[in-house]
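**Q** sequence? don't have it. structure:
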């Protein structure tokens, strides 16, 4: 009978861990005590050794986060039968090149995701009283109404009750102690650790930056008119910028490219990643096929991804497939900054705040809403002239959106 | 008035023969309608004017271009007499788009605005106030046009009749109110529904000029209608024209007329048929009459064929024409 | 900018149309020398003469019917029915004739008739002079129904109604005749079928007509103090209804109150609630509340009349119900 390999409890209070990668493959001979896989917890990443020797017959959990005690592999003799095991579906986390989307509940110190005990919202006939809006929000966010208490008339669950339940689950960064004058050591979460690793990778790329400023008058007008036409979606300037970049990427296909070591992959579609700041760290979900989407459709996709990023509900597929990234620190008042490449992408665009600046026009000085665009590029994939052409197209499209047609 | 009469004089024989042809056409169309209804080809329900052709022809032929009229639920004769082609009428009864109301109205809502036909009306007395209104428009605009309302003795009981005549008389508008007194309101005989027997007296209540004639004599009807229209047209005010007539059929097609005294119908058909009367007056020989008759029948049959070959409206056409 | 009362605004629209267009004329009971029982047509007899400002006998059927007949001949008559309770006397002509002519004729005729009428309780007029009946006419295909609540709206909408080629039931409200508003020098037509947002808000949409627009604005001001942000929308035209505006407002606020002076049961608010429920189902966080008169004829004694007829307090209560929390 094959031996189960379970996820070990490595420390007090550990409830679950993340398998980062396997150090042995299926079919390999494993000695007792030999490292089998890398396990990431909130506190540390370490190798887990095999308790017994044998052939690694099957890996049940390739990577991802599972609760302590979950069977993750079988060791035994070659050809042995494997018992039935209910595979624990791991919460999908980082692929090798993507940052992690951490779900709620990893930290035992955090409150339970579902707020409040199930109570008076469930009438005796089994029907749950909830407003249509509350039901829709619950449906969209995968929240179980039966677990909620309603504060509406007669115990009806209203939208606010669902929203409240949802917010409760977002894990926060480990609590900081009040400043006491000592050096405080904040351990990296697995997400931050991943971000750190990737950013370090990025430094390996020979990068350069080019800077241009764009007059955002027409882009702002366009945005205002789009908001009128699409009041539900409320497109932002970033959405307009995303569409503009997608259009520009289709004109400059060599920028819509990934570095693949021995080759450059030119991609047919502009899958634009939007950098999102969350409590846990930086996430870059991807809106695929932006060149085919309208600005309103991009707005819808962006809103959805941002919401789910902040709620910790991104899927791995949301983080994959990006060909270009936009990072916008304008809302923080930043005028200009240099973004770090998102390897293996060829380029990343950093934009700052739109502010009225004096500019020279027709021999005079006027105030115009200007935005600074900084394009960081991987010199292994594209060179200066290509990057400049691309960025100039982006600038032209922002200043005269009709040129993108 | 005398001057006008000498100008027009008695009707020529030729004109009267035209009237006879017209009445024969109406008769045959109405008989075809009955026949096709009994064959199950016509949706809804219908009222034919057999026996009342002389009123229709006499009044409608007296009208001039630009004059308008509103009819009742028994509107086929008026519609044909004012010039709507039998094909269009029959197509309407079959619910085809070639019908004069394009399939939207049916027997009781025949309209032909080009010929001044402002619509048949299924509501007893329903069209009368609008006739007062049309006449008011002509007066306000200074036009020498007249509006004509057809209605039956039953309608002289209803509110719209009294209000419309009252107002028309008060404002002295160029309207002619034509009462086709066939002595029946559906199944109710005159004495059960009318407190007076001489309906011309109704006009006295409104101070309205009035005339009464034998509605089965088309020549007499025509002359009286002419005089009434001239009176109204000259600005002297509206006229109440009573035509004593007979319904030689039931109220609606298929009406068994159980309420009618036995023998009355047979006797009336013998003595009060306006077509027979005119034929006799003109002394038309058999062969000529048969030729006229056959010709009218041919047109009526042609109308049925035309209608049957017509185009059904698309179901979604029902959504059109609700608003202008 | 001149200030006009609602009453003057109606007169202004009528007069301007009559000055520009010989085909426009008005008919009604006591509208000439007396200037109308509500004083709306004062001065018009002197300007336009008795042919175009016509007193009629007390015969609503003939009055409306004559209007229909003249309209079918291409004129644009505006007939006045003194109290909307009396539209009942002309129902046959309005519903069987005016509404259906165009359709029955297969599109051959037009009836560009405007029927003006008014009503409204609050002054002990008694049951037969106080009912609000706009819902009846919304139910008749072929008719358009308008109910303006401000001087600028009533002026602009009456103009558009006169020049609409369909029969229009134009409702005015007695208690609104004296209210004043600054209006533009030139008459600005208000298109039919377009709602107006009187007050923007985030928490509840109140859809109100006629006098209840003003009651709802007062209720909204009170609600603001309680921390509830109320949006007040006036459909202005009841048929055709600006469904899009109403639904998008409710999608924004997630709560809805419908308010009118007419009786709640079978009132126009029921249609609005059904439309909103259907199109904004997944956006509703509370049931739609309806405000209207209680199910009685309007009583005479002021104390009873006040009880039956709704006002700002009733709207406020309804607003509160939509945001009510009992648990927590």
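**A** Cool, got the structure. Just so it is clear, the structure is predicted and the values come from calculations on it, not from any experiment.

**Q** which strand runs longest in the chain?
**A** All of this refers to chain A. strand A:364-378 (DSSP state E).

**Q** ah, I was thinking of chain C
**A** Assignment by DSSP E; longest strand in chain C turns out to be strand C:256-263.

**Q** got the domain ranges for the chain?
**A** If you meant another chain, say so; for now it's chain A. As assigned by automatic domain parsing, chain A contains the domains A:3-122, A:132-173+A:182-196, A:206-404.

**Q** please go with chain C instead
**A** Split by automatic domain parsing, chain C gives C:3-182, C:196-324.

**Q** what does stretch B:138-146 contact?
**A** B:63-64, B:66-68, B:135, B:137, B:147, B:171-176, B:229, B:232-233, B:235, C:22, C:25, C:51-52, C:70, C:73, C:75 (CB atoms under 8 Å, 6 or more residues apart in numbering or on different chains). Every residue, glycine included, has its C-beta placed from N, CA and C.

**Q** among those residues, name the buried ones.
**A** B:63, B:67-68, B:135, B:137, B:147, B:171-176, B:229, B:232-233, C:25, C:52, C:70, C:73, C:75 (16 or more other CB atoms under 10 Å in any protein chain shown).

**Q** in strands, which of the residues you listed fall?
**A** Using DSSP E, the buried ones among the contacts of stretch B:138-146 in strands are B:68, B:147, B:175, B:176, C:25.

**Q** pLDDT weak spots in the stretch 201-328 of chain C?
**A** C:327-328 (pLDDT under 70).

**Q** what residues does it put near chain A?
**A** C:248, C:251-252, C:254, C:281-286, C:321, C:324-328 (CB under 8 Å from any CB of the partner chain).

**Q** where does the closest residue to residue A:8 other than its chain neighbours sit: helix, strand or coil?
**A** Among residues not flanking residue A:8 along the chain, residue A:48 sits closest, at 6.1 Å (CB to CB, 6 or more residues apart in numbering or on different chains). Classification of residue A:48 using DSSP: H, G, I helix; E, B strand; the rest coil returns strand.

**Q** now the strands for chain B?
**A** B:68-70, B:147-152, B:175-181, B:184-185, B:188-189, B:209-214, B:239-244.

**Q** in chain B, which residue sits nearest chain A?
**A** Across chain B, the shortest distance to chain A (CB to the nearest CB) belongs to residue B:323, at 27.6 Å.

**Q** that residue contacts residue C:167, correct?
**A** No. Shown here, residue B:323 and residue C:167 do not form a contact pair, counting by CB atoms under 8 Å, at 9.6 Å.

**Q** intersection of neighbour lists for the two?
**A** Common neighbours of residue B:323 and residue C:167 (CB under 8 Å, 6+ apart) are C:142, C:144.

**Q** okay, those two: which has more neighbours?
**A** Between residue B:323 and residue C:167, counted using other CB atoms under 10 Å in any protein chain shown, the more crowded position is residue C:167 (33 against 17).

**Q** tell me how far the residue nearest to the more buried one when sequence neighbours are not counted lies from residue A:302.
**A** Leaving aside its sequence neighbours, residue C:167 sits nearest to residue C:98 (CB to CB, 6+ apart; 4.1 Å). Look at residue C:98 and residue A:302: by CB to CB, to the nearest Å, they are 53 Å apart.

**Q** ok, the closest residue to residue C:298 other than its chain neighbours - contacts?
**A** For residue C:298, ignoring the flanking residues on the chain, the nearest one in space by CB to CB, 6+ apart is residue C:130 at 3.8 Å. Counting by CB under 8 Å, 6+ apart, residue C:130 makes contact with C:85, C:119, C:120, C:121, C:298.

**Q** please apply the same query to residue B:200.
**A** B:210, B:211, B:212, B:240, B:242 are the contacts of residue B:200 under CB under 8 Å, 6+ apart.

**Q** farthest pair within these?
**A** B:212 and B:240 (9.0 Å; CB to CB).

**Q** neighbours of the residue nearest to residue B:188 when sequence neighbours are not counted, how many?
**A** Nearest non-adjacent residue to residue B:188, counting by CB to CB, 6+ apart: residue B:154, 7.3 Å away. Using other CB under 10 Å, residue B:154 is surrounded by 22 other residues.

**Q** do you know how far residue B:154 is from residue B:40?
**A** Taking CB to CB, one finds residue B:154 at 29 Å from residue B:40.

**Q** now do residue B:281
**A** Applying CB to CB, the value for residue B:281 to residue B:40 is 39 Å.

**Q** got a pLDDT number for residue B:190?
**A** At residue B:190, the model reports a pLDDT of 87.

**Q** can you pull the contacts of it?
**A** Per CB under 8 Å, 6+ apart, neighbours of residue B:190: B:153, B:183, B:184, B:197.

**Q** same question, residue C:210
**A** Contacts of residue C:210 by CB under 8 Å, 6+ apart are C:120, C:132, C:147, C:149, C:171, C:173, C:176, C:260, C:261.
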